[in-house]
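*Asks:* next input, structure requested:
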Amino acid sequence: EALGEMISLFESDSLIEEVRNIASYVKYLIAEENYKPSQICICTRKIEKYSEIFREVFRQYRIPMNLSDRFALAQSPLINAIFSILNTISEEYKIEDVHKTLSSNYISMESDIDVTNLYEIARMNRISGGKRQGGKTYWLRAFEQRMQLLKNQIRDLERGVAQDAMQLFDKKTELNNTQKAYEDIKKVFKELPQIARSQSPSDFSRLLKAEIIKKFKIREKIIESYLAAKEEQYNNLVEKNYVFEDLERDSRALAELLKLLDELVFILEERYPKQSFPLDEYINKLKNTVIGAKYQISEKQGYGVEVT
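*Replies:* Residues are numbered from 1 along each chain as shown. Alright, predicted model coming up:
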């Protein structure tokens with residue numbers, strides 16, 4: 001009976017509502033009951049079901065937290081950015097892959113590319129890209145045909161007795177935007193790695209390390225973000241710790257990917273000496289490895305609410 005007075009049962013309609021209710025109660029304990037965050041422990045039956053929700057909600061509520069579960073490598077934005085490049089070149093420039101690659105904050109292109117314009121003009125011309133449409137060739141041909149059509153329409157409008165000024169302006173604007181998109185996609189083709197139909201495991205390793213991670217300055221992006229974060233002014237320590245946790249996650253995720261890559265290359269070279277494989281096969285093998293992988297950041301003893 002005494003124990004029953006210490007235990008309360010609450011029902012929630014979903015996992016996210018459950019975690020939000022927990023976060024509200026934790027805020028109450030800290031603000032009204034003078035608990036320190038490190039004096040609070042949240043125990044779950046299956047932490048893997050809750051991990052990402054706790055990370056998202058506690059960050060919104062600005063509650064410091066020490067989560068025992070490791071991070072899923074496949075959910076790392078940095079890892080997904082690297083795979084977006086691999087997917088772009090292996091699937092021969094599907095529009096969604098191109099857009100993901102160019103929109104990523106982790107990838108530094110040398111050329112000045114108007115990503116929004118390129119995506120909008122491609123969608124306007126129903127360019128989906130990919131192997132089925134003919135890859136690079138189709139992108140270029142579709143833009144060239146559209147530019148020629150627009151030039152013809154502009155010429156006819158300019159020759160007309162009663163010119164439609166608004167229509168003429170719209171056609172010229174579309175032509176300029178299409179020409180910009182045409183030049184930009186050529187820059188993308190030039191900057192992204194050119195791949196052989198078949199390559200050795202060491203060639204694939206070199207592609208990932210030198211022609212993607214090094215060329216697009218992915219390590220440098222992490223370092224730049226770290227240096228910028230050090231100079232940033234934060235409203236509170238909790239906000240600062242979450243920012244630096246994100247940076248540590250990026251760094252450790254990249255290290256874990258490179259470790260898995262080295263292991264994959266070693267196994268393939270041991271089992272199939274002097275053999276080459278298509279790029280798609282390497283990507284699928286690496287993806288399958290990444291899906292089951294997790295990584296850990298450094299624990300903060302005595303910091304925040306313990307979630308386990």
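*Asks:* ok, which stretches of the chain are helices?
*Replies:* Remark: helices of the chain, listed N- to C-terminal, are 2-6, 15-32, 47-60, 77-90, 95-103, 115-124, 135-159, 165-191, 201-208, 218-231, 237-271, 279-291; assignment by DSSP state H.
*Asks:* and Ser8, how far from Gln39?
*Replies:* 18 Å (C-beta to C-beta, to the nearest Å). (C-beta placed from N, C-alpha, C; glycine too.)
*Asks:* tell me which of these two has more neighbours.
*Replies:* When neighbours are counted by other C-beta atoms under 10 Å, Gln39 comes out ahead of the other of Ser8 and Gln39, with 12 against 7.
*Asks:* wait, Leu268 sits on Ser202?
*Replies:* No: between Leu268 and Ser202 there is no contact, the gap being 9.3 Å when judged by C-beta atoms under 8 Å.
*Asks:* for the two, indicate the residue with more neighbours.
*Replies:* Remark: of Leu268 and Ser202, Leu268 carries more neighbours, 20 against 11, as counted by other C-beta under 10 Å.
*Asks:* just give the closest residue to the more buried one, not the sequence neighbours.
*Replies:* Residue nearest to Leu268 in three dimensions, not counting chain neighbours: Pro201, with 4.2 Å by C-beta to C-beta, 6 or more residues apart in numbering.
*Asks:* same question for stretch 7-26: list its buried residues.
*Replies:* Under the neighbour-count criterion of 16 or more other C-beta atoms under 10 Å, stretch 7-26 has Glu18, Val19, Arg20, Ile22, Ala23, Val26 buried.
*Asks:* need the pLDDT of the residue nearest to the spatial centre of the chain.
*Replies:* Nearest residue to the geometric centre of the chain (C-alpha atoms, centre = their mean): Pro77, 3.6 Å. At Pro77, the model reports a pLDDT of 95.
*Asks:* sorry, back to before: who wins for proximity to Lys300 among the helices of the chain?
*Replies:* In this view, these are compared for proximity to Lys300 by C-beta to C-beta, and helix 237-271 is the closest at 7.7 Å.
*Asks:* in the closest one, which residues are buried?
*Replies:* The neighbour-count criterion (16+ other C-beta under 10 Å) identifies 238, 241-243, 245, 247, 249-254, 256-257, 260-261, 264-265, 268 as the buried residues of helix 237-271.
*Asks:* quick one: that helix to helix 201-208, angle?
*Replies:* For the pair helix 237-271 and helix 201-208, the angle between their directions (axes from the mean of the first three to the mean of the last three C-alpha atoms, to 10 degrees) equals 160 degrees.
*Asks:* what is the rounded mean pLDDT of helix 237-271?
*Replies:* Regarding helix 237-271, the rounded mean pLDDT is 93.
*Asks:* now do stretch 41-54
*Replies:* Across stretch 41-54, the average pLDDT comes to 89.
*Asks:* neighbouring contacts of that stretch?
*Replies:* Applying C-beta atoms under 8 Å, 6 or more residues apart in numbering, the external contacts of stretch 41-54 come out as 15-16, 19, 22, 26, 65, 67-69, 71, 75, 305-308.
*Asks:* now, which of those residues sits nearest Thr116?
*Replies:* Of all the contacts of stretch 41-54, Thr116 sits closest to Gln75, with 26.2 Å by C-beta to C-beta.
*Asks:* nearest spatial neighbour of that closest one, chain-adjacent residues omitted?
*Replies:* By the measure of C-beta to C-beta, 6+ apart, the closest residue to Gln75 outside its immediate chain neighbours is Glu52, 7.2 Å from it.
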